[in-house]
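Chemist: model the following, please.
(chains A, B, C and D)
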There are 2 protein chains.
Amino acid sequence: MDTAERTPANAPGPAAGAAADNARRTRGGARTTASMADVARLAGVSSQTVSRVSNGYAGVTEETRRQVLAAMKELGYRPNSAARALKRGEFRTIGVITFTLSTTGNVRTLEAIATSAAHEGYAVTLLPVALPTQDEVRGAFSRLEELAVDAVIVIMEVHLLDAAMVRLPPHVQVVVVDSDAGDHYTVVDTDQAGGSRAAVRHLLDLGHRTVWHLGGPEDSFAAQRRTDAWRAALTEAGRVPPPLVRGDWSADSGYRAGLELAVRGECTAVFAANDQMALGLLRALHEHGRRVPEDVSVIGFDDIPEASSFLPPLTTVHQDFAEVGRLCVQAVLSKVRQGGPERGTTLVPTRLVPRASTAPPQGSA
Amino acid sequence: MDTAERTPANAPGPAAGAAADNARRTRGGARTTASMADVARLAGVSSQTVSRVSNGYAGVTEETRRQVLAAMKELGYRPNSAARALKRGEFRTIGVITFTLSTTGNVRTLEAIATSAAHEGYAVTLLPVALPTQDEVRGAFSRLEELAVDAVIVIMEVHLLDAAMVRLPPHVQVVVVDSDAGDHYTVVDTDQAGGSRAAVRHLLDLGHRTVWHLGGPEDSFAAQRRTDAWRAALTEAGRVPPPLVRGDWSADSGYRAGLELAVRGECTAVFAANDQMALGLLRALHEHGRRVPEDVSVIGFDDIPEASSFLPPLTTVHQDFAEVGRLCVQAVLSKVRQGGPERGTTLVPTRLVPRASTAPPQGSA
DNA sequence: GTACATGATGTTTGCGTAAACATCAGCCAC
DNA sequence: GTGGCTGATGTTTACGCAAACATCATGTAC
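Modeler: The predicted model follows:
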């Protein structure tokens, strides 16, 4: 019994040796970190007192606290988060499930989530889904089931989530970005409709007869909403929506779509559903000798950092990803804390950023 | 009592009633998930047998296994990872510390890390560092100290890591991306030098007298290495390196630097340290009436997806971020498993992607 | 038939922490 | 001074899991 001869008092005295021994005891040959008990022995207090100091509870003498802190430092003590999580029943971790990080929006949102979460003392665990297939999504969620998270933020179309028939750990709260499922989930999203409307109005106000649209992929809810809003804004203004041209968000797809649009002389204004496609579009127009903005005006969506360096600098709709991320964390944590499954959609406003790719039409009219 | 009439089989019998009670016991009013004990009671076996089934050990009768699985399903049992981690002494989690996710490289590497880690049954926890200041870095690491991770991958300059004087939890293994500190850490990185050399050679082979360089920020090791290799390649070829122009990786900074370069008639070829700066450079050259590639050849680094849609499509050096991420995970897990602190640097090769922004010089020579 | 292996299962224990409860000294009121 | 009362600290316990060990049938060798 190494601890048998411990002198009571408040002070370790001869027991200090045993404490040190214990602190560097091994498990399976590997050095283990010191536990609360080790600190307690070295400081000559009970482990509960160490716990109190560790968690910053009142009711510990300044003297005792100092002693404990010193012991912690000497042993290099750090709380074992597994034990802590087990005891407290929470992990202080948020899981984020997202598709490919190749779109600016997802990345910026993720970054904002991580930053906000850190601020709240939460860690963020990343669950990438390589492909938007049911199997992949289901795989991610089944990994999630075994994962140590208190809440989940899903950055993806909710219909894929439903389609995957995932069952989440029952107590895990979910917030979804990019969806219209506000009646089933808590949703935080950019005001896609408002931004699209602003883009269309901007072009109409410049004097264009109508506005063409280079839309995103069919299975994207965000793309769908931008397209719907484009159509609605035109109809409201009494204009006839031209046929829809679709891309897949990539610059290449924008280029291919642009090849079609470039040969249509009647097309003087295009609203691209994101900046990357607008980039490809600019290239296609350029190659066909159609000047921007003299012959064709182009407006994008997102306001990626490079947009101001396009040729010409791109007029676009700015999204506040940081705010989206912040609101996601706030929403999901309020659900965790209050348990309430508040549903509904929160929209983050957008802002039109006029640059050099839009101008009044010059050829016709 | 729905389960009360269950016949004992191997045991409890009258005790079964308590099982149901316990399975739906509450904690602080909130419903708790079922534990192994609950499953065991319902299945009429010991919790150890449940554990065996849960972990796929042999030595369980098919009959028993079925019963246990059925009970698990009925109760919606999922293993508590905190308890598991506490018991096993490992978290199956890798922490990733990184600066801003606004650079393609970091993001792509992160994504590859997450994917590889998932493959190995590991989760990835993200620790963002908002600003490259010592305080921020130190903050990230102090959060890390309380974090449940077995290993850490650092995507940043190691000198910042050292400067922050961080002490990592002793048993946590580290792998660093983007550094030359292979003698102190395990480093995985792109072959910056090889890629830069290839870029310079490509331009010289086209007949350019020399190659200008639009370098990255001074505090970036990657930028430093690209710059060094550029200089070395020129010197080797007997050319005189022109003065260095620097940006900060952003397209805007490339534009500003481009304004300087555009007015220098003797500049016929530029090697930009990344594609974003190349984009800004293209814009500046265009605005000054200098055609690319006829008057000036431009080559980038990274091969971001948009590079093929630039005006003109950008010749660039392709980085295999997926491979970098994969190797990081492999390296860090081998350290975790073998405990060996193998140091040294692993380089991932690059590949030159010729597109339309480079050509033989036409004006002079 | 006894002894002894084998395989299936049950029992005990402890991981590190923190809540709940217990103790104990000092202090105040009357 | 006796009976609370307060504040500081110690003791017990349980969180959920899985390793280590214990048990107990059954089968098999001689």
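Chemist: can you give me the strands for the stretch 1-150 of chain A?
Modeler: Counting by DSSP state E, counting those that start in this stretch, one finds strands in the stretch 1-150 of chain A at the ranges A:26-27, A:30-31, A:93-98, A:123-128.
Chemist: so which of those strands comes closest to residue A:359?
Modeler: Among the strands of the stretch 1-150 of chain A, the nearest to residue A:359 by C-beta to C-beta is strand A:93-98 (37.2 Å). All C-beta spots, glycine's among them, are computed from the backbone N, C-alpha and C.
Chemist: what does the closest one contact?
Modeler: Residues from elsewhere that reach strand A:93-98, judged by C-beta atoms under 8 Å, 6 or more residues apart in numbering or on different chains: A:106, A:110, A:113-114, A:117, A:122-129, A:140-141, A:144, A:147-156, A:172, A:329, A:332-333, B:125, B:148.
Chemist: same thing but at 6 Å, please
Modeler: With contact meaning C-beta atoms under 6 Å, 6 or more residues apart in numbering or on different chains, strand A:93-98 is reached by A:106, A:113, A:117, A:122-127, A:140, A:144, A:147-149, A:151-155.
Chemist: that strand to strand B:93-98, inter-axis angle?
Modeler: 70 degrees (axes from the mean of the first three to the mean of the last three C-alpha atoms, to 10 degrees).
Chemist: out of the contacts of strand A:93-98, which are buried?
Modeler: Buried residues within these, counting neighbours by 16 or more other C-beta atoms under 10 Å in any protein chain shown: A:106, A:113, A:117, A:122-127, A:140, A:144, A:147-149, A:151-155.
Chemist: of the residues you listed, list those near chain B.
Modeler: By C-beta under 6 Å from any C-beta of the partner chain, the members of those lying near chain B are A:123, A:124, A:125, A:126, A:147, A:148.
Chemist: which two among those residues are spaced furthest apart?
Modeler: Taking C-beta to C-beta, no two of those sit farther apart than A:126 and A:148, at 13.3 Å.
Chemist: and stretch A:315-328, end to end?
Modeler: Distance between the boundary residues of stretch A:315-328 (C-alpha to C-alpha, to the nearest Å) amounts to 28 Å.
Chemist: can you list the residues of chain A near DNA strand C?
Modeler: Residues of chain A lying close to DNA strand C (C-beta under 7 Å from any atom of the strand) are A:32, A:35-37, A:47-48, A:51, A:54-55, A:77, A:79-80, A:83-84, A:86-88.
Chemist: now with 6 Å, please.
Modeler: A:32, A:35-37, A:47-48, A:51, A:54-55, A:79-80, A:83-84, A:86-88 (C-beta under 6 Å from any atom of the strand).
Chemist: show me where the stretch 101-250 of chain A has helices.
Modeler: Ranges of helices within the stretch 101-250 of chain A are A:104-119, A:134-145, A:158-163, A:192-205, A:221-236, based on DSSP state H, counting those that start in this stretch.
Chemist: by mean pLDDT, show me the worst of the ones you listed.
Modeler: Among the helices of the stretch 101-250 of chain A, helix A:158-163 has the lowest mean pLDDT, at a mean of 66.
Chemist: quick one: contacts of stretch A:308-325?
Modeler: Contacts of stretch A:308-325 (C-beta under 6 Å, 6+ apart): A:108-109, A:112-113, A:116, A:188, A:190, A:195, A:199, A:275, A:278-279, A:292, A:299-303, A:307, A:348, A:350-358, B:251, B:255, B:279-280, B:283, B:286, B:311.
Chemist: what number of residues lie near residue A:352?
Modeler: Per other C-beta atoms under 10 Å in any protein chain shown, the neighbour tally for residue A:352 reads 16.
Chemist: isn't it right up against residue A:200?
Modeler: No. Applying C-beta atoms under 6 Å as the test, residue A:352 and residue A:200 come out as separate, 10.7 Å apart.
Chemist: where does pLDDT dip in the stretch 51-200 of chain A?
Modeler: Applying pLDDT under 70 to the stretch 51-200 of chain A flags the ranges A:158-170.
Chemist: what residues does it put near chain B?
Modeler: Looking at chain B, the residues of the stretch 51-200 of chain A close enough under C-beta under 6 Å from any C-beta are A:78, A:81-83, A:85-86, A:101, A:107, A:111, A:114-115, A:123-126, A:128, A:145-148, A:169.
Chemist: of all the residues in the stretch 151-300 of chain A, which one is nearest chain B?
Modeler: Going by C-beta to the nearest C-beta, chain B is nearest to residue A:251 of the stretch 151-300 of chain A, at 3.6 Å.
Chemist: from residue B:242, how far out is the one residue in chain A that gets nearest to DNA strand C?
Modeler: Nearest residue of chain A to DNA strand C: residue A:36, at 2.9 Å (C-beta to the nearest atom of the strand). Look at residue A:36 and residue B:242: by C-beta to C-beta, to the nearest Å, they are 62 Å apart.
Chemist: which one of those two is surrounded by more residues?
Modeler: residue A:36 (21 against 18).
Chemist: the more buried one reaches residue A:46, doesn't it?
Modeler: No. With contact defined as C-beta under 6 Å, residue A:36 does not count as touching residue A:46 (9.5 Å).
Chemist: just give the nearest non-adjacent residue to residue A:174, would you?
Modeler: Nearest residue to residue A:174 in three dimensions, chain neighbours excluded: residue A:152, at 5.0 Å (C-beta to C-beta, 6 or more residues apart in numbering or on different chains).
Chemist: residues contacting the one you found?
Modeler: Contacts of residue A:152 were listed using C-beta under 6 Å, 6+ apart, and they are A:95, A:172, A:174.
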